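*Asks:* pasting a predicted model and its sequence here:
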Amino acid sequence: MAQIFPEWTNKLPPIVAGIVILVLVGTVGFFWYYGSPYYTDVGYRPEQPVPYSHKLHAGDLGLDCRYCHTGVEVSPVAGVPPTQTCMNCHVMVKPESEKLKAIRKSWETGEPMEWIRIHKVPDYAYFDHSIHINSQIGCSSCHGRIDRMEVVSLAEPLSMKWCLNCHRNPAPYIRPPGNVTNMRWVPSKDQLAFANRFISEKKIDPPTDCTGCHR
Amino acid sequence: MSKELTNMSSTGKEYWRSLEQLAKTPEFEAFLHREFPEGTAEGGATFSRRNFLTLMGASLALAGLTSCRRPVEKIIPYVIAPEEIIPGIPLYYATSMPFGTEAIGLVVENHEGRPTKLEGNPKHPHSLGKANTFAQAAILDLYDPDRSQSVLYRGAEKSWSEFLTAWKALIKEYESSDGEGLAILSESFASPTLARLKKAFRQRFPKARWATYEPVSDENILSGVNIAVGEICHPVYHFEEARVILSLDSDFLQLEHDNIRNAAGFADGRRVITQDDEMNRLYVVESAMTITGGMADHRYRLQSRRIGAFTAALALELTTRDVPVSGVEALGAYTHHPFDEKWLGALADDLIRNAGRSLVVAGRRQPAEVHALALAINSALNNINRTVEYYPPGDIEMSRQEDLIALVQAANSGDVTSLVILGGNPVYNTPVDLAFKEAIDKITHTVHLSTHVDETSRHVEWHIPEAHFLECWGDVHTPEGTLSIIQPQIEPLFGGAKRKYWPP
């Protein structure tokens, strides 16, 4: 009696198993990368209600970050400036500019501006700006070269892995005093020696246990 | 099916399976005749079960996809930044919470101008940096979305100025008659300002009635003191001085007047730091398990109604041990009592051993006689001015049930034409035998100030929303006389809300 199944069917189970594994690995891999903050968040660049250029203000004009983000040294949140801060200069500088229409409207009506949030850690993670600034971690370490951004975008993924990378080894990111808001800072040759001395003197001990951030 | 049910009596005993069936209501009869109960039928319904499932399935399937998109979050800064406020850093302001006739000194945490947490003010002699459950929960009251938000006239929204017009016209009628027919029903309060306003009201309308009612109050305690010494006084306990404490149905750690300071004093008396420190001892006689009962070293279960008899037995027991309790003659000859002899004897011995350093407290729920007897026992044990002090209430406005009864009687006989209710929900919480609801319906003009649209608000002409204590200025003082300021933390959340202190 002839065989019902031809010989090639012998290879069918491993082929099917292979396809199943490939599909599974592919699906998991797909979401692993495309669902991660590296893909979904980095480069997030929403259009703001006013085309405010950080490149112009912080880069070309050289305004210090803390002129507007006043809370950064004392508060968990750096703060977005009130309309008043814009109007400090813009009653004199380009008072008729078309781009500033929304700001003037807010100033006249008292309705606050609604900026779109770019840098966001989840609600279940606690983040405090002041402790990072006072440990001399620079703004650009997390926010990127804001002074080169016409429109601000998210430069780093702000994922847990990314946070822990620095918390486990903060030495490369600690800056000499006076350079925290300096966008152009590059580490000098004796960076590690300086940073290690600073860490032991100031007893810098970034938490790496769960409750450090997930309070 | 219905035939079976109706015929059942001929075949045997008839049983019913619901009250509707027993009453043979038309709804039930109709229900029996339907093949399917209402709501199960597919046809005719505007939104069928199948449609619902289809939509639910689709929305569930699509719900997963929304997580692929980053939700847009807004940052809304100030237009003009207020001085002192740094976003992210809380500010703390002191205030006090009026609670019945109590004043709880608080420190309020404010985030960007919004109060978020109440804690005791360490510098306030009455709260000593601690707060109780009521103070902790008061913050939820502030943001309660069910709070009354506008002036109502017979349930319809009106403006504050419309009320004022109506009220000014109404009050004019009473000017000439010295307030004949006008009545106020107030909550109890311990505020010098409110006391002054009450006095001014009395002067302007000498014939007006004033009643103060609170469903939970210290009325029994004060009448008890009145029976014993012929004077109304407020007891203030010093648990920190007491070595042996007997609680007669008094949950002084959680529910009685001054429970914050009571708890702090009790903890001080119980704390052992050095080798020579002694713990205090707590005896509790109560009918239900309370927090205080949980702390007891010796707890004696007793029905609430028998606690008076227990107190009498204790007084007689002390008298037989050569500590004569005044007024004990009135209790009659002492032959025996039905209580645990050993327990009562040991308690009496312990109290006598610690005379001057012991304390007997009775709870609000106990009648005045028990309080009078407790005072007599404290006096016999030489505890007065050591572990318990008595203060005259001064201008504290106390709940008095007889005033409420008089008010209801006057309303029933048509002597009250206008009634203003300042806070509280008397339709709900006055004793049901008083028939307050029926009495209030006989009054022509009624005004009700309260935080919520409650049972009383539905029976009145005008309802005025009341401001929360975190939204208004005020003052309050404790029985010993510590004055505290109520400082607003935020503008009234609902524009219509008015404060008790009016004019503002």
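*Replies:* Yep, it's here.

*Asks:* low-confidence ranges, chain B, go.
*Replies:* Counting by pLDDT under 70, chain B contains low-confidence ranges at B:1-11, B:35-46, B:64-69, B:333-334, B:495-504.

*Asks:* centroid residue for it?
*Replies:* Chain B has residue B:216 as the residue nearest its centroid, 5.6 Å off, counting by Cα atoms, centre = their mean.

*Asks:* for residue B:102, see how far away it is.
*Replies:* Relative to residue B:102, residue B:216 is positioned 12 Å away (Cβ to Cβ, to the nearest Å). In short, each C-beta sits where N, CA and C put it, glycine included.

*Asks:* ok, back up a step: now the residue nearest to the centre of chain B: closest residue in space, sequence neighbours ignored.
*Replies:* residue B:364 (6.7 Å; Cβ to Cβ, 6 or more residues apart in numbering or on different chains).

*Asks:* what helix or strand is residue 167 on?
*Replies:* Since no chain was named, I'll use chain A. Residue A:167 belongs to helix A:160-168 when elements are defined using DSSP states H and E.

*Asks:* let me rephrase: I mean chain B.
*Replies:* helix B:160-176.

*Asks:* now do the buried residues in that helix.
*Replies:* For helix B:160-176, the neighbour count (16 or more other Cβ atoms under 10 Å in any protein chain shown) marks B:163, B:166, B:167, B:170, B:171, B:174 as buried.

*Asks:* right, and the pair among these with maximum separation?
*Replies:* Spatial extent of those (Cβ to Cβ) is set by the pair B:163 and B:174 at 16.6 Å.

*Asks:* how many residues are close by residue 151?
*Replies:* Chain wasn't specified; assuming chain A. 14 (other Cβ atoms under 10 Å in any protein chain shown).

*Asks:* wrong chain, I was asking about chain B
*Replies:* Residue B:151 has 21 neighbouring residues, counting by other Cβ under 10 Å.

*Asks:* now it: how far from residue B:473?
*Replies:* Going from residue B:151 to residue B:473 by Cβ to Cβ gives 21 Å.

*Asks:* ok, residue A:204 next?
*Replies:* Counting by Cβ to Cβ, the gap from residue A:204 to residue B:473 is 47 Å.

*Asks:* tell me where chain A has helices.
*Replies:* For chain A, the helices defined by DSSP state H cover A:12-34, A:37-40, A:54, A:65-68, A:83-90, A:101-109, A:129-134, A:139-143, A:160-168, A:191-202, A:210-213.

*Asks:* and those helices: which comes nearest chain B?
*Replies:* Nearest to chain B among these is helix A:83-90; the distance by Cβ to the nearest Cβ comes to 4.5 Å.

*Asks:* ok now the least confident helix or strand in chain A by mean pLDDT, how far from the chain's centre?
*Replies:* One helix or strand of chain A scores below all others by mean pLDDT, DSSP states H and E: helix A:37-40, with a mean of 79. Chain-centre distance of helix A:37-40: 11 Å, with Cα atoms, centre = their mean, to the nearest Å.

*Asks:* where exactly do the strands run in the stretch 351-500 of chain B?
*Replies:* B:358-362, B:388-391, B:418-422, B:445-450, B:462-465, B:474-477, B:483-486 (DSSP state E, counting those that start in this stretch).

*Asks:* could I get those strands as CSV with distance to chain A?
*Replies:* Below are the strands of the stretch 351-500 of chain B laid out as CSV (distance: least, Cβ to the nearest Cβ, whole Å):
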stretch, distance to chain A
strand B:358-362, 41
strand B:388-391, 45
strand B:418-422, 36
strand B:445-450, 32
strand B:462-465, 26
strand B:474-477, 30
strand B:483-486, 29
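
*Asks:* out of those, nearest to residue B:127?
*Replies:* With Cβ to Cβ as the criterion, residue B:127 lies closest to strand B:483-486 of the strands of the stretch 351-500 of chain B, at 9.4 Å.

*Asks:* name the residues of the closest one that are buried.
*Replies:* Neighbour counts using 16+ other Cβ under 10 Å place B:484, B:486 of strand B:483-486 among the buried residues.

*Asks:* equivalent analysis for stretch B:434-454, please.
*Replies:* For stretch B:434-454, a neighbour-count test (16+ other Cβ under 10 Å) marks B:434, B:436-437, B:439-440, B:443, B:445-454 as buried.

*Asks:* for stretch A:181-191, same thing?
*Replies:* Within stretch A:181-191, the residues that count as buried by 16+ other Cβ under 10 Å are A:181, A:182, A:183, A:185, A:191.
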